[in-house]
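> Need a 3D model of the sequence below.
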Amino acid sequence: MKLTWYGHAAFRLEFGETAILIDPFFTGNPTWDGGWEAPSEGVSHVLLTHGHDDHVGDAVNIAKTRGAEIVGPFELCQYLGADGSVTVNPGNHGGTIDCGTFSVTFVNALHSSAISTTAGLHYMGTPVGYVVTPHGGKPGYHMGDTGIFGDMALVNELYAPAVGVVPIGDRFTMGAREAALACKRFFAFDTVVPCHYGTFPIIDQTPDKFLAEMGDSSDRVRVAERGVPMEL
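This is a model prediction of the structure:
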């Protein structure tokens, strides 16, 4: 499995001949100036955790250009697919969608979800995290934007993800202390990849506090370099 981070919560995940994007915030991302064209090459699916602009990002342009399917919460998919120009595949909490070479399971995330329109904010349903399971491979868990919650233990019990993509930036998501506690108490990740930091001045700028909070478990943390693929 290969994972590439593009800043914030935007990732490309590759396994076998399959490539997907999660929360493809490229245009307007102050920590990424490489555009969306190269990261989206060969992508078959775009997974969206919620409706905020810094997560929906370039999803529609990518779906139109690459012929990719948008997977996301029901209300968000209905909104993005309303004009018929993109293919959407909606789901909701607890459900699993088979996407051909992998499955996507919708799990809880404690956050909010709305998209900016000319008329103001438009409600986009409940945010989610994703357990992505390649057929014949180990599951990975993108937590989305979330606070810590006790039922993370059920995510581990049901799906046992080997890789965790964990928001650590504080203010809008878990900070270092909460994120580290979630990883150590609820999961047995082989690899932890922190995200949602360094993008905007009002969130934590580095993963240093998170690494410190992870303590003896910090050897499981892989700090990604933007745009550089990691083999997991």
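> Give me the longest helix you can find in this protein.
Taking DSSP state H as the assignment, the helix of the chain that covers the most residues is helix 176-186.
> For the residue lying closest to residue 189 once chain neighbours are set aside, give me the pLDDT.
Taking CB to CB, 6 or more residues apart in numbering, and ignoring the residues beside it in sequence, residue 189 has residue 164 as its nearest neighbour in space, at 4.3 Å. In this view, the C-beta of every residue, glycine as well, is placed from N, C-alpha and C. With respect to pLDDT, residue 164 has a value of 98.
> any idea how far residue 164 is from residue 191?
7 Å (CB to CB, to the nearest Å).
> of the two, who's got more company?
For residue 164 versus residue 191, neighbours defined as other CB atoms under 10 Å are more numerous around residue 164 (27 against 17).
> Tell me what angle the helix or strand harbouring the more buried one forms with helix 176-186.
With secondary structure defined by DSSP states H and E, residue 164 is part of strand 163-167. With axes from the mean of the first three to the mean of the last three CA atoms, to 10 degrees as the basis, strand 163-167 and helix 176-186 are set at 150 degrees to each other.
> now for strand 163-167, which elements pack on it?
Based on contacts counted as 3 or more CB pairs under 8 Å, 6 or more residues apart in numbering; DSSP states H and E, the elements that strand 163-167 packs against are strand 140-142, helix 176-186, strand 191-195.
> Tell me which residues touch the residue nearest to residue 212 when sequence neighbours are not counted, please.
With CB to CB, 6+ apart as the criterion, residue 212 has its nearest non-adjacent residue at 7.2 Å, and that residue is residue 176. Under the criterion of CB atoms under 8 Å, 6 or more residues apart in numbering, the contact partners of residue 176 comprise 168, 170, 204, 209, 210, 212, 213.
> What lies in contact with the one helix or strand the fifth one maps to?
Spelled out, that is residue 210. According to DSSP H and E, residue 210 maps onto helix 208-214. Contacts to helix 208-214, defined as CB under 8 Å, 6+ apart, come from residues 168, 175-177, 179-181, 183-184, 192, 194, 197, 204, 218, 220-221, 223.
> that older thread, deepest-packed of the helices and strands packed on strand 163-167, please.
Comparing the helices and strands packed on strand 163-167 on average neighbours per residue, with mean count of other CB atoms under 10 Å, the densest one is strand 140-142 at a mean of 27.
> tell me the mean pLDDT over that one?
Rounded to a whole number, the mean pLDDT of strand 140-142 is 99.
> Begin at 218, not 1, for the rest of this chat.
OK, 218 is where the count begins now, so the last one is strand 357-359.
> Not counting it itself, show me its contacts.
For strand 357-359, contacts defined as CB under 8 Å, 6+ apart pick out 218, 220, 226, 228, 230, 239-240, 264, 266, 324, 346-350, 372, 376, 378-382, 404, 449.
> Likewise for stretch 394-410?
Residues lying outside stretch 394-410 but in contact with it, judged by CB under 8 Å, 6+ apart, are 220, 222, 358, 364-365, 367, 369-370, 372-373, 377-385, 390-391, 411, 426-427, 430-432, 434, 437-441, 447, 449.
> Could you tell me the end-to-end distance of that stretch?
End-to-end distance for stretch 394-410: 15 Å, by CA to CA, to the nearest Å.
> same thing with stretch 372-380?
Its first and final residues considered, stretch 372-380 spans 13 Å by CA to CA.
> Please tell me how far that stretch is from the chain's geometric centre.
Averaging C-alpha coordinates over stretch 372-380 and over its chain gives two centres that are 16 Å apart (CA atoms, centre = their mean, to the nearest Å).
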